[in-house]
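> give me a 3D structure for the following:
(chains A and B)
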Amino acid sequence: MALNGPVAAQETQPAAPQENITVTGIKDVEKAVADFVGAMAVPTRVADKLARWQDGVCPITAGLRPEAVKLVTRHVKDVAAQVGAPVNDREDCKPNIEIVFTATPQALLDTIFIKYPYLLGYHDNSAEATQLAAVTHPIQSWYATATKDVRGQSQLDGTKTSGVRMVLELPQGGVGGPAGGATPMFEMNMPGARVTNVTGGRLGDGTSSEFNHVVVVAEPAKLLDYELGTLADYIAMLALSQTPAPDHCQELPTILNLLVPGCASPPKSLTGVDLAYLQALYKMTPTANFRGQRNEIIYQMDKSLGAGQ
Amino acid sequence: MGRMAVIFAALVGLAVLPALAQQPASSSHPDGTGDPDATTCRPPQAIPNSRLHGPPVCKLNSQWALLRKNGEDISADGRDVIPEAKTGAMTPMNCSMTGGGATGGGQMNCRPQ
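Modelled structure (predicted):
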């Protein structure tokens, strides 16, 4: 199946799962896949792993007519189910993907910066938070990630911790120790530190990165040329993977080329490449190290796209 | 033993200094000046139409600065971002003259914008 043929824009049901897809018009598909994954795969700053949903996704959409709200919300869930991401289908599920269409996106982000800065994603200081909160694209996404340790404990990345208290026991007598009496103890408090249980393995330390909350903000006035189905596809891609706002065209056909100025006939729906990427993301080993995860995704995508055959 | 004392003092210093550094400043009208990563707290304010006071509101200076830049504030109950109340002598007013005639003076009516 050729990937560069656009699907009907209003089509909101994602294409059926494709095991073998043929990419046409690209000489070195393996290199193009590696480049695509290199551009798409952004590790989290705390665990240095690729984040994905581990809890069921529960999108909520605001700022559109009720039928459009329903369509976008349902579509994100459908794509999630198709690529193997967990879906929370309960009517009263607690939203963890917020999709907001607003005429004043920067005002919304300013409010997030002031009231819920953790939603901007990991940041070390106010300067980084300010940079994160800048709206630079007509559709943009922000990812609050968490790190799950080997014992399954999940901790939001970048939030203040209660710190770590360490008690050091010094040796009795000898070099650096007192001559006798009770064992000397020194207490050390590290206010910003966190405890993460790891395996100590070289290929994977047992930790994994997961999404805690994703915010997608769209400015309708800048998106008048696009069908809602196309936008829902674009939003689903952003909501299910930590995707940097693209600034240049990808060689492989991807919906992410949609809003990049100057891309020749960008796809108007999720392509086989997009679905292969998302499927690989939700198939990879969550606890492997970043390099291993990236290689797993490239391998899976090469297999799906028939590279090297 | 002297070396032990130095190590001990250093460890105690490590433990205590961050605690001192994290004492938030307090201001009745934080304007966001100073270290953007430092916290400034606004003392509890009276909640409108109530005899109750809200909680202290603590934000980073960078957050207060953005609020002020946008002409906004945090509500007394600490929950919402609201337009900043314009108070004081420099508050712009809408003024109009009523009454009066060719020979007599009228009355100036002013109300805040």
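> got the contact list for stretch A:61-73?
A:12, A:59-60, A:98-102, A:218, A:220, A:228-229, A:231-232, A:235 (Cβ atoms under 8 Å, 6 or more residues apart in numbering or on different chains). From N, CA and C alone the C-beta is placed, and that goes for glycine too.
> now with 10 Å?
A:10, A:12, A:58-60, A:74-76, A:95, A:97-103, A:108, A:216-220, A:228-229, A:231-233, A:235-236, A:239 (Cβ atoms under 10 Å, 6 or more residues apart in numbering or on different chains).
> which residue ranges form the strands in chain A?
A:51-52, A:59-62, A:97-101, A:139-148, A:154-156, A:164-169, A:185-190, A:208-218 (DSSP state E).
> would you list these in TSV and tack on mean neighbour count and distance to A:Val69?
Listed next are the strands of chain A as TSV, based on neighbours: other Cβ atoms under 10 Å in any protein chain shown; distance: least, Cβ to Cβ, whole Å:
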stretch	mean neighbour count	distance to A:Val69
strand A:51-52	26	25
strand A:59-62	20	4
strand A:97-101	22	9
strand A:139-148	22	16
strand A:154-156	16	28
strand A:164-169	11	44
strand A:185-190	13	46
strand A:208-218	23	12
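> export those strands to CSV and tack on mean pLDDT?
Formatted as CSV, the entries for those read as follows, by pLDDT from 0 to 100:
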stretch, mean pLDDT
strand A:51-52, 98
strand A:59-62, 97
strand A:97-101, 98
strand A:139-148, 96
strand A:154-156, 91
strand A:164-169, 69
strand A:185-190, 72
strand A:208-218, 97
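> please name the nearest non-neighbouring residue to A:Ala127.
Distance criterion Cβ to Cβ, 6 or more residues apart in numbering or on different chains; nearest residue to A:Ala127, sequence neighbours excluded, is B:Pro36 at 7.0 Å.
> does that neighbour touch A:His123 like I think?
No: checked against Cβ atoms under 10 Å, the pair B:Pro36 and A:His123 is beyond contact range at 11.9 Å.
> report the set of residues contacting both of these two.
In contact with both B:Pro36 and A:His123: A:Ala129, A:Thr130, using Cβ under 10 Å, 6+ apart.
> under the pLDDT cut-off, which ranges of chain A? List them.
Low-confidence segments of chain A (pLDDT under 70): A:1-25, A:159-164, A:166, A:170-183, A:190-196, A:198-204, A:307-309.
> residue closest to the middle of it?
Geometric centre of chain A, nearest residue: A:Gln242, 2.3 Å, by Cα atoms, centre = their mean.
> OK, contacts around the residue of chain B found nearest chain A?
When distances are taken as Cβ to the nearest Cβ, chain B reaches nearest to chain A at B:Ser62, 3.4 Å away. Listed by Cβ under 10 Å, 6+ apart, the contact set of B:Ser62 reads A:113-114, A:117, A:125-127, A:129-130, B:32, B:34-38.
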